[in-house]
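Participant: structural data only, the sequence is not supplied:
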């Protein structure tokens, strides 16, 4: 009697799946290949490199950027890491952090002015340092510079710190897209127009195709403004220009409150929504753009994601993403709260909400490929 077995292929790239050699294409762990009942399997490469990546809360990184960072490490360069304070927790890339770990690093925490009025600047500085330390890096609060806008005074302060810290070495400005790197460098050029007699050039970095602006300090050292990391796991990556103008924050976010019990959810415009599956009645303090209406609703009849998409398609919920047509265009995360304290849950690029954690089970529905994060509260307000 002949035995016929179907050969499994990667659902994304189509390569034949195998569990014998991790170095060859199509590799997937044996237990996944043997025990998976569904046909939708991905080889490890696709799972890592596409939207089905193992680290679902971080952006992708171009391999050439790794080459650039490794070169910076060989040069013992100073790293100036620019972050967007409004939404930076999920923008960390483990490869970047592993490379710069142990390097001389300053962090410029930008867009402080977008946080609620009354936010404690010193506490935010410590929070940013804590988030870097949580990745395994050694980071002191003294190495974090809080900035609201790169005016002349701020540019002078940051450049003075760079001169003090660089120890005669090169300087590499790094950070995600929309973090404010280019604005920072423009401010440097406005304030320090005569760094040297050399020319400022923008050209592919040696060994890569990445266009990098090089500003010479002297004949031996320079400041390099590198391209921004990908934001493909952020809402901002998926917006058209019109929607970007509607929900991109340019002034301090105002807190709003929504209360939920199991069986209820709240929509964040037509972009995302939060469902309460289990737990006590909870008040969520939300930090999203005012243009994003927070609509509280009871879950009845239709599955919550089907109802959400239906209201988007009917034009009831706005603003939204034009490509959200079916529930397949949404990712869903379930978070089970096991501790009792204050927590933040955020949607990268959109905002976050805070609440008193007490055993809740929440589901967060977001556009496909968008990351969420959870952490202790970033907003330590003055009393």
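Facilitator: Received the coordinates, thanks. Everything quoted here is computed from the prediction, not taken from an experiment.
Participant: report how many residues lie close to residue 207.
Facilitator: 11 (other Cβ atoms under 10 Å). From N, CA and C alone the C-beta is placed, and that goes for glycine too.
Participant: swap in residue 143?
Facilitator: Neighbours around residue 143, by other Cβ under 10 Å: 18.
Participant: which regions of the stretch 1-150 of the chain lie under the pLDDT threshold?
Facilitator: Scanning the stretch 1-150 of the chain for pLDDT under 70 picks out 1-6, 11-14, 31-42, 46-59, 90-91.
Participant: now do 80
Facilitator: 1-15, 29-60, 87-92, 149-150 (pLDDT under 80).
Participant: which stretches in it count as strands?
Facilitator: Here the stretch 1-150 of the chain has its strands, by DSSP state E, counting those that start in this stretch, at 78-84, 105-110, 144-146.
Participant: and residue 290, which of the ones you listed is closest to it?
Facilitator: Residue 290 lies closest to strand 78-84 among the strands of the stretch 1-150 of the chain, at 19.0 Å (Cβ to Cβ).
Participant: one step back: export the strands of the stretch 1-150 of the chain as a markdown table, with columns for mean neighbour count and distance to residue 305.
Facilitator: Formatted as a markdown table, the strands of the stretch 1-150 of the chain follow (neighbours: other Cβ atoms under 10 Å; distance: least, Cβ to Cβ, whole Å):
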| stretch | mean neighbour count | distance to residue 305 |
| --- | --- | --- |
| strand 78-84 | 25 | 29 |
| strand 105-110 | 24 | 35 |
| strand 144-146 | 20 | 39 |
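Participant: per the record, what domains does this protein have?
Facilitator: The chain breaks down by automatic domain parsing into domains covering 1-54, 63-225, 237-375.
Participant: burial count for residue 44?
Facilitator: With other Cβ under 10 Å as criterion, residue 44 counts 17.
Participant: how close does it get to residue 185?
Facilitator: Residue 44 sits 38 Å away from residue 185 when distances are taken as Cβ to Cβ, to the nearest Å.
Participant: with residue 265 instead?
Facilitator: 43 Å.
Participant: kindly report the same for residue 123.
Facilitator: On the measure of Cβ to Cβ, residue 123 and residue 185 end up 28 Å apart.
Participant: same deal with residue 300?
Facilitator: Distance from residue 300 to residue 185, by Cβ to Cβ: 53 Å.
Participant: okay if I get the domains of the chain as JSON lines plus distance to residue 231?
Facilitator: Output for the domains of the chain, formatted as JSON lines (distance: least, Cβ to Cβ, whole Å):
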{"stretch": "domain 1-54", "distance to residue 231": "13"}
{"stretch": "domain 63-225", "distance to residue 231": "5"}
{"stretch": "domain 237-375", "distance to residue 231": "4"}
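Participant: for residue 225, grab phi and psi.
Facilitator: The phi and psi values for residue 225, taken as degrees, to the nearest 10, are phi -100, psi 110.
Participant: burial check on it, number of neighbours?
Facilitator: 25.
Participant: how about residue 363?
Facilitator: Counted with other Cβ under 10 Å, residue 363 comes out at 16.
Participant: likewise for the one 3 residues further on?
Facilitator: Summarising burial for residue 366: neighbours were counted as other Cβ under 10 Å, giving 21.
Participant: show me what the closest residue in space to it that isn't next to it in sequence is bridged to.
Facilitator: Of all residues not flanking residue 366 in the chain, residue 272 sits nearest, at 4.6 Å (Cβ to Cβ, 6 or more residues apart in numbering). On the basis of DSSP bridges, residue 272 is bridged to residue 268.
Participant: now residue 367
Facilitator: Residue 367 has these beta-bridge partners by DSSP bridges: residue 330.
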